[in-house]
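Asker: Predicted coordinates and the sequence they were generated for:
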Amino acid sequence: MTAPRPIRVQGKPLGDGAIPIIITPLVGATRTAVLDEVAAITPKRPDLLEWRIDFFAGIGDTALVLETARAIRAACGGIPLLLTRRNATEGGQPVPIDEPAVVALYTEACRARCVELIDYELSNAPEDLRRLRAVSADNGIAMIMSYHDFQLTPGAATLDRKFIDAERLGADVAKVAVMPRDPQDVLALLAATWRASQSIGIPLISMSMGAIGSLSRLVGWAYGSAATFAAGQGRSAPGQIAIDELRAALAALRRALPAA
């Protein structure tokens, strides 16, 4: 078995490669709630914190978002921070700002260098993807280009194309998350993950969501996914497992797998 390509932040790989990195979401609606989450989660030492600003009531206040991001970084003991506004069309929360304002917010966050990574959906306008790719690269911020389907698992051709599109558009990381309707869909996602791990040159993240798909959060690493998501105080997607339980399960699985 070959270990997945590591996700890198400022040139350094996250994690030790023995198990997938663990990403934990922050979903508080206020600055106080977010920082309370950070205080509770930081001792559990996830590899990456994802701040889901679509849950944040102050998303329309750029200064507040930047100040809160800085406060998170000051409180999290050096854990890198990923900034994500998940589009409502891909499972996120509705937000009171339009897409140009979202792009402007991401741009200011990159220029302020108050986060280490950003996530932006492949379904967004090509010019917005290009703009954020340029500004993130100029400021040393890694960019995840992502695709989510909370209704179903598309066919193999679509899954393959999403991974390829992310690399073609210059992403640092490709992410695909889909909803299974039966166990066969979970196998389809894992097969697509394996194909992508053998054919594209960037790290990838994949998961099958919900209760049926929760197995993919444990074994996706064996098929090429560099990261998995674990619940901290709150969940940002269905099927996320508590961080302590996930880490224990991954360690047991790793002992059973052949060395990378």
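Answerer: Yep, that arrived.

Asker: The stretch 101-250 of the chain: helices as residue ranges?
Answerer: 126-138, 156-168, 183-199, 210-219, 243-256 (DSSP state H, counting those that start in this stretch).

Asker: With mean neighbour count, distance to Q93 and mean pLDDT added, can I get the ones you listed in a markdown table?
Answerer: The C-beta positions use only the backbone N, C-alpha and C, and glycine is treated the same way. Listed next are these as a markdown table, based on neighbours: other Cβ atoms under 10 Å; distance: least, Cβ to Cβ, whole Å; pLDDT from 0 to 100:
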| stretch | mean neighbour count | distance to Q93 | mean pLDDT |
| --- | --- | --- | --- |
| helix 126-138 | 16 | 19 | 98 |
| helix 156-168 | 18 | 22 | 98 |
| helix 183-199 | 18 | 24 | 97 |
| helix 210-219 | 19 | 18 | 91 |
| helix 243-256 | 14 | 22 | 86 |
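
Asker: Of those, which is nearest Y106?
Answerer: helix 126-138 (5.5 Å; Cβ to Cβ).

Asker: Where does the prediction get shaky in the stretch 1-150 of the chain?
Answerer: 1 (pLDDT under 70).

Asker: give me that answer again for 90
Answerer: 1-3, 10-11, 15-19 (pLDDT under 90).

Asker: For the strand of greatest length in the chain, which helices and strands make contact with it?
Answerer: The single longest strand within the chain, with elements called by DSSP state E, is strand 142-149. On a contact count with 3 or more Cβ pairs under 8 Å, 6 or more residues apart in numbering; DSSP states H and E, strand 142-149 meets strand 117-121, helix 126-138, helix 156-168, strand 173-178.

Asker: want to throw those into a markdown table with distance to D98?
Answerer: Below are the helices and strands packed on strand 142-149 laid out as a markdown table (distance: least, Cβ to Cβ, whole Å):
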| stretch | distance to D98 |
| --- | --- |
| strand 117-121 | 15 |
| helix 126-138 | 12 |
| helix 156-168 | 24 |
| strand 173-178 | 24 |
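
Asker: related to what we said a few turns ago, among the helices of the stretch 101-250 of the chain, which comes closest to L35?
Answerer: It's helix 243-256; of the helices of the stretch 101-250 of the chain, that one is closest to L35 (Cβ to Cβ) at 18.0 Å.

Asker: contact partners of the closest one?
Answerer: Identification of contacts with helix 243-256 by Cβ atoms under 8 Å, 6 or more residues apart in numbering yields 18-20, 22, 24, 41, 44, 46, 217-219, 221-222, 228, 230-232, 241.

Asker: what helix or strand does the residue lying closest to I79 once chain neighbours are set aside sit in?
Answerer: Closest residue to I79 apart from its sequence neighbours, by Cβ to Cβ, 6 or more residues apart in numbering: L49 at 5.4 Å. Element membership for L49, per DSSP states H and E: strand 48-52.
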